[in-house]
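In: take this sequence and fold it.
(2 chains)
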Number of protein chains: 2
Amino acid sequence: MVVSDPAFIAIDWGTTNRRAYAIGNDGTVIETIRDNKGVLSVLREDFARELAAIRTQLGDVPVLCAGMVGSTRGWTEAPYAPCPAGIDALVEGLVWVERGRTAIVPGVASHVGRGDVMRGEEVQLLGAVAAGLAPADALLCQPGTHCKWARMREGRIADFRTAMTGEIFSLLRQHSLLGDFLQDDVVDGPLFRDGLALAVENRLLSDLFGERAAVVLQLRDATDVASRVSGLLIGSDVREQAIRPEEAVYILADPLLGQLYATAIAAAEGRPVMVDSHTAFLAGITAIWDRINGR
Amino acid sequence: MVVSDPAFIAIDWGTTNRRAYAIGNDGTVIETIRDNKGVLSVLREDFARELAAIRTQLGDVPVLCAGMVGSTRGWTEAPYAPCPAGIDALVEGLVWVERGRTAIVPGVASHVGRGDVMRGEEVQLLGAVAAGLAPADALLCQPGTHCKWARMREGRIADFRTAMTGEIFSLLRQHSLLGDFLQDDVVDGPLFRDGLALAVENRLLSDLFGERAAVVLQLRDATDVASRVSGLLIGSDVREQAIRPEEAVYILADPLLGQLYATAIAAAEGRPVMVDSHTAFLAGITAIWDRINGR
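Out: Residues are numbered from 1 along each chain as shown, chains lettered A, B, ... in the order given. Predicted structure coming up:
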């Protein structure tokens, strides 16, 4: 079997994880590396060596890096492109660590209202539209530690908001009084839906305590709490976005978390549409590559 | 100077702190011990020895203990008295570790709606009414790690809700992405009020992230965040309680935290009234003592 050389390497270099893709001239993925060498585990002076190791494995070709690698904690800071931001803005904002060889994709900043920032998600968002997985005018949702809600207009990121939903759940699980009750897996079932129903009442701070009280009073099993609290938090997150009835929400996430958000969005009368986030990333980074090369 | 013997000793024995009061026949405090020997730092088999040491210091008289000392993590479990609960219910629910010598005051449970529990706060609540510091029908608020909101009717605790406000602030300060920005003291000033105004928008999960984003984008100083986030959380807590316009809210708290809640309650069109929480505790525990003794 003859494996063709890749045209370029794309790296989705996040805080705790890293995915590197060798991408062929026709846009197909030739090879993938996935590991936990995220930005927090790499010293600033070691990024060049890390990249050399990836090139040894995937090919000695140009590299595009996206994600937290471009933050102040990463390799080289790539200043945020302001909203509205399309593929062109990301290409203009590329920071070349080595001219023509290695570039870092900028994050995107919103200055509307309170201000907001993203790094890495912008490639997925623009890629979802570029690949036709989401329309050019749409609401996109990227659940995770920090859940991004982005409004796309004419194929660009018009504005977005980030919710601390996943981080709050982790804090509660790891460090709070509720922690002992949050160790079970979250399941998209009746308990999760009960949590969603609770979220409608807009009493997050007191309903969180109520989950513990109900167990103490033996009104509920401790094993019920994780799914209920997840429903309460994700339900609150979705309610904060004021989705219009029947509005489509394009979800970019791993299937498990994506399904929880889909259920929450449907409960809020939105219409969830699942989009594969890896496909979206690849479409976005390939669109950047094509634009660099004048295509 | 002749110091009269106390009639009894009252101990407010919480999770992390303990206050013991030697109380005279006329209800005055003769002597106070305050230390950090809370329930979490005392082994179950050491409570009797701890109490003996207090008696050596304050007098060999009957003792009433309230607070987490009566929880499953404490000395002896004192089952919750159900709402509505007045002084009588606490007296009926006393658990005598040693008959006539040492008793533990029960907590109070609400089974209305979701269910809720308290331990220690009930003595303050009923004491505030017993001492005439709050009317027999009123809304009382006890800010803290877990903020209690109690509705009193005819001098009894009719129902209450607990909010995790203080614990969430601690979690954010100690363990979250926002932690670095939350180390400053919270001040009741314009920044705190900005946080209160933000709370009205009902977007807690996304507005928390926004505080960090605004600093990253240099739209705001990092030193502004602690007071703003405190305002956002306390404001959200107060909004969850749906206080009626001009409704009086009696606040039992230390002066600093009490002032923050007073500002938040006033911003929500309530009418805050500060009540000294130690005076309320002493009035409540003395009312229990009097009832035990048929007065």
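
In: and A:G270, how far from A:L139?
Out: Distance, A:G270 to A:L139, by Cβ to Cβ, to the nearest Å: 8 Å. (C-beta placed from N, C-alpha, C; glycine too.)

In: what's the overlap in contacts for the two?
Out: Common contacts of A:G270 and A:L139 (Cβ atoms under 8 Å, 6 or more residues apart in numbering or on different chains): A:I243, A:E247, A:A248, A:V249.

In: mind picking the two most distant members of the residues you listed?
Out: Maximum pairwise distance among the shared contacts of A:G270 and A:L139 (Cβ to Cβ): 9.4 Å, between A:I243 and A:A248.

In: neighbour count winner among the two?
Out: Regarding A:I243 and A:A248, a neighbour count based on other Cβ atoms under 10 Å in any protein chain shown identifies A:I243 as having more, with 21 against 16.

In: list the contacts of the more buried one.
Out: A:L139, A:V249, A:I265, A:A268, A:E269, A:G270.

In: also A:V117?
Out: Listed by Cβ under 8 Å, 6+ apart, the contact set of A:V117 reads A:Y80, A:G107, A:V108, A:A109, A:S110, A:T162, B:A213, B:V216, B:L217.

In: where does it land on pLDDT?
Out: For A:V117, the model assigns a pLDDT of 97.

In: can you show me the strands along the stretch 51-200 of chain A?
Out: Secondary structure of the stretch 51-200 of chain A, counting by DSSP state E, counting those that start in this stretch: strands at A:63-66, A:81-82, A:95-98, A:102-104, A:108-110, A:116-118, A:138-142, A:147-153, A:156-163.

In: and the nearest residue to A:L94 once chain neighbours are set aside, how many neighbours?
Out: Spatially, and ignoring its direct neighbours in sequence, A:L94 is nearest to A:A103 (4.4 Å; Cβ to Cβ, 6 or more residues apart in numbering or on different chains). The tally of other residues near A:A103 (other Cβ under 10 Å) stands at 26.

In: A:V229 now?
Out: Neighbours around A:V229, by other Cβ under 10 Å: 26.

In: hang on, it packs against A:L208?
Out: Yes - at 6.8 Å, A:V229 counts as touching A:L208 under the criterion of Cβ atoms under 8 Å.

In: between these two, which contacts overlap?
Out: Counting by Cβ under 8 Å, 6+ apart, the contacts common to A:V229 and A:L208 are A:L172, A:L178.

In: contacts only, for the residue in the stretch 1-150 of chain A that chain B sits nearest to.
Out: In the stretch 1-150 of chain A, the residue found nearest to chain B is A:R114; the distance is 4.0 Å by Cβ to the nearest Cβ. By Cβ under 8 Å, 6+ apart, the contact list for A:R114 reads B:D207, B:G210, B:A213, B:A214, B:L219.

In: how does it look with 6 Å?
Out: Neighbouring residues of A:R114 by Cβ atoms under 6 Å, 6 or more residues apart in numbering or on different chains: B:G210.

In: please name the nearest non-neighbouring residue to A:V187.
Out: Distances taken as Cβ to Cβ, 6+ apart place A:S227 nearest to A:V187, at 5.2 Å, with adjacent residues excluded.

In: got it, and A:G231?
Out: That would be A:G195: by Cβ to Cβ, 6+ apart, it lies 2.1 Å from A:G231.

In: run the angle between the strand or helix carrying A:L282 and strand A:138-142 for me.
Out: Per DSSP states H and E: A:L282 is located in helix A:277-292. Between the axes of helix A:277-292 and strand A:138-142, defined by axes from the mean of the first three to the mean of the last three Cα atoms, to 10 degrees, the angle is 120 degrees.

In: mind giving me the packing neighbours of helix A:277-292?
Out: Counting contacts by 3 or more Cβ pairs under 6 Å, 6 or more residues apart in numbering or on different chains; DSSP states H and E, helix A:277-292 packs against strand A:8-13, helix A:87-92, helix A:121-130.

In: can you rerun that using 8 Å?
Out: Applying 3 or more Cβ pairs under 8 Å, 6 or more residues apart in numbering or on different chains; DSSP states H and E, we find helix A:277-292 packed against strand A:8-13, strand A:18-23, strand A:63-66, helix A:87-92, helix A:121-130.

In: now do that helix against strand A:8-13, angle only.
Out: Relative orientation of helix A:277-292 versus strand A:8-13 (the same axes, to 10 degrees): 130 degrees.

In: mind checking how far helix A:277-292 is from the chain centre?
Out: Counting by Cα atoms, centre = their mean, to the nearest Å, helix A:277-292 is centred 15 Å from the centre of its parent chain.

In: for it, buried residues please.
Out: By 16 or more other Cβ atoms under 10 Å in any protein chain shown, the buried positions in helix A:277-292 come out as A:277-289, A:291.

In: residues from the stretch 151-295 of chain A in reach of chain B?
Out: Residues of the stretch 151-295 of chain A that fall close to chain B, judged by Cβ under 8 Å from any Cβ of the partner chain: A:161-165, A:167-168, A:171-172, A:174-177, A:202-210, A:213-214, A:216-217, A:219, A:233, A:236-237, A:239-240.
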